[in-house]
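Asker: Structural data only, the sequence is not supplied:
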């Protein structure tokens with residue numbers, strides 16, 4: 001082959017390479033995911049660690065929102081400010097909310113992600129089987145001020161004392177001012193474990209109520225169809241090994257469960 005023929009082929013190859021490089025340079029960048037603002041209350045269910053989502057509910061929300069093709073942006077704020085921020089459109093999702101008759105129409109709510117049971121605990125070594133309210137007859141029970149315990153409040157055979165803090169509730173039990181206490185099966189037991197308090201207590205296999213914890217969505221940003229999609233993805237996550245890993249990583253593997261409700 002002649003030198004001029006080789007030169008022509010080389011120039012053609014260079015031209016094709018340059019053309020490909022130019023096309024790659026002007027190729028459109030990958031479209032960024034739509035961003036959604038997520039309010040985080042910084043409790044045991046949803047918190048941030050150096051900007052990373054932690055807690056069983058927030059980690060579930062993070063995975064599902066990503067699966068929905070959205071980019072969550074997390075905003076830490078007091079739990080008391082989250083309802084107002086959601087109503088005002090300052091956040092798009094509240095990671096942890098309770099659905100009540102007062103806020104039912106202000107946002108869209110997911111199915112329950114976890115259930116917070118109110119369970120009974122006594123001093124270590126004093127446990128007994130309780131299946132109905134009659135088993136608590138004559139007992140004095142400590143609970144928190146501002147909390148409602150409908151199952152116990154309407155029973156005249158049970159004395160309910162209220163205290164202003166969890167610490168005061170536990171002290172009343174350990175100093176034998178009351179016979180038993182009401183604990184939040186997730187929040188209180190988790191915290192008392194880390195503080196070494198649970199070794200002094202025995203939790204009965206009985207609950208006196210339950211509060212479902214959900215995520216809430218701004219109706220300014222989401223539709224019911226979006227929330228339905230979220231719920232479907234939640235059911236899939238709940239049935240997968242990933243949910244077990246989330247619970248174990250956060251120390252809730254043995255606490256997220258059904259507790260039998262006392263019958264009247």
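Answerer: Yep, it's here. Just so we're clear, the structure is a prediction, and the values are computed from it rather than from any experiment. Numbering: from 1, shown residues only.
Asker: Just the buried positions in the longest strand seen in the chain, please.
Answerer: Taking DSSP state E as the criterion, the chain has its longest strand at strand 201-217. By neighbour count with 16 or more other C-beta atoms under 10 Å, strand 201-217 contains the buried residues 201-204, 206-209, 211, 213-217. Any C-beta I mention is one placed from the backbone N, CA and C, and that applies to glycine too.
Asker: can you give me how far the host helix or strand of residue 161 is from the chain middle?
Answerer: For residue 161, the host element (DSSP states H and E) is strand 159-163. Averaging C-alpha positions (C-alpha atoms, centre = their mean, to the nearest Å) puts strand 159-163 29 Å from its chain's average.
Asker: again, but for stretch 34-49
Answerer: Its chain's C-alpha centre and that of stretch 34-49 lie 9 Å apart, by C-alpha atoms, centre = their mean.
Asker: again with stretch 62-74
Answerer: Counting by C-alpha atoms, centre = their mean, stretch 62-74 comes out at 15 Å from the chain centroid.
Asker: what's the angle between the helix or strand just after the longest strand of the chain and strand 201-217?
Answerer: Per DSSP H and E, the first helix or strand lying C-terminal to strand 201-217 is helix 224-238. Computed by axes from the mean of the first three to the mean of the last three C-alpha atoms, to 10 degrees, the angle separating helix 224-238 from strand 201-217 equals 140 degrees.
Asker: Report the buried residues of helix 224-238.
Answerer: Here helix 224-238 shows 227, 230, 231, 233, 234, 237 as buried, counting by 16+ other C-beta under 10 Å.
Asker: so the residue sitting nearest the centre point of the chain is in which element?
Answerer: Centroid-nearest residue in the chain, with C-alpha atoms, centre = their mean: residue 57, separated by 2.4 Å. Under the criterion of DSSP H and E, residue 57 resides in helix 56-67.
Asker: chain center to that helix: distance?
Answerer: Worked out by C-alpha atoms, centre = their mean, helix 56-67 lies 9 Å from the chain centre.
Asker: Residues contacting it, please?
Answerer: 36, 38, 40, 45-47, 53, 72, 74, 93, 95-96, 113-114, 213, 215, 230, 233-234, 237, 242-243, 246-247, 249-250, 252, 256 (C-beta atoms under 8 Å, 6 or more residues apart in numbering).
Asker: Could you turn the buried ones of those into a ChimeraX selection?
Answerer: Applying 16+ other C-beta under 10 Å to the contacts of helix 56-67, the buried members can be selected in ChimeraX as follows:
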select :36,38,40,45,46,47,53,72,74,93,95,96,113,114,213,215,230,233,234,237,243,246,247,250,252,256
